[in-house]
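Participant: Provided below for reference: sequence and predicted model.
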Amino acid sequence: MKKYVAILLSTLLLCSQATMIFAADDSGNENYEMVEIEDCEMDNETSVSEISPYTLYLADVITSIVKVSSTQVSIRAQAVCSEKVQAITVIYILQKWNGSKWVDVASKSATSYNVSSAHKSYTISGLGTGRYRCKASAMATGYSGYSETLAGYSASINL
């Protein structure tokens, strides 16, 4: 009897050690490859800042768009810095989706001096039907002369 119990336990132990898992392949003909890049393999043109933006001054660019009427929207953007800078220049851009890409419809630029944040709102009239969004491109210039840029995008709305 002990012999049969030992064989049964051994069989259960072996079966539990080798569990196979299968997954369905729904990717069709698509093949993806992910390759890890060692630090020593990176050339001088590729840097960490190209992978994820690192900024010294600009912390965030916050944008929004609001439908005012069937032919009018209001856009707002705020550029926030981690400290007071010499100047923040923000380009406020209204964009329209043309079916394949976003196209600039209207833009306005504003500069604020000796501040840590800058914000403005604009109302754009005379618009046709379509999908619109706000883009804001901010450039912060420090007292040392160093400048950096960061862009922000709002969600899109339909008119």
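Facilitator: Looks like it came in fine.
Participant: does residue 77 belong to a helix, a strand or coil?
Facilitator: Each residue gets one of three states, and residue 77 gets strand by DSSP: H, G, I helix; E, B strand; the rest coil.
Participant: need the pLDDT of it.
Facilitator: If you check residue 77, the pLDDT there is 93.
Participant: next: residue 138.
Facilitator: We have a pLDDT of 95 for residue 138.
Participant: who's in contact with it?
Facilitator: Going by C-beta atoms under 8 Å, 6 or more residues apart in numbering, residue 138 touches 58, 61, 77, 79, 88-91, 118, 149-152. In this view, the C-beta of every residue, glycine as well, is placed from N, C-alpha and C.
Participant: hey, where'd the strands end up in this structure?
Facilitator: 58-69, 72-97, 102-124, 131-141, 147-153, 157-158 (DSSP state E).
Participant: of these, flag the one that's most buried.
Facilitator: strand 131-141 (a mean of 21; mean count of other C-beta atoms under 10 Å).
Participant: that one pairs with which strands?
Facilitator: Here strand 131-141 is paired, per DSSP bridges, with strand 72-97 (antiparallel), strand 147-153 (antiparallel), strand 157-158 (antiparallel).
Participant: and those: which comes nearest residue 3?
Facilitator: Among the strands paired with strand 131-141, the nearest to residue 3 by C-beta to C-beta is strand 147-153 (72.3 Å).
Participant: quick one, the closest one and strand 102-124 angle?
Facilitator: Using axes from the mean of the first three to the mean of the last three C-alpha atoms, to 10 degrees, the direction of strand 147-153 lies 90 degrees away from that of strand 102-124.
Participant: all set now, cheers.
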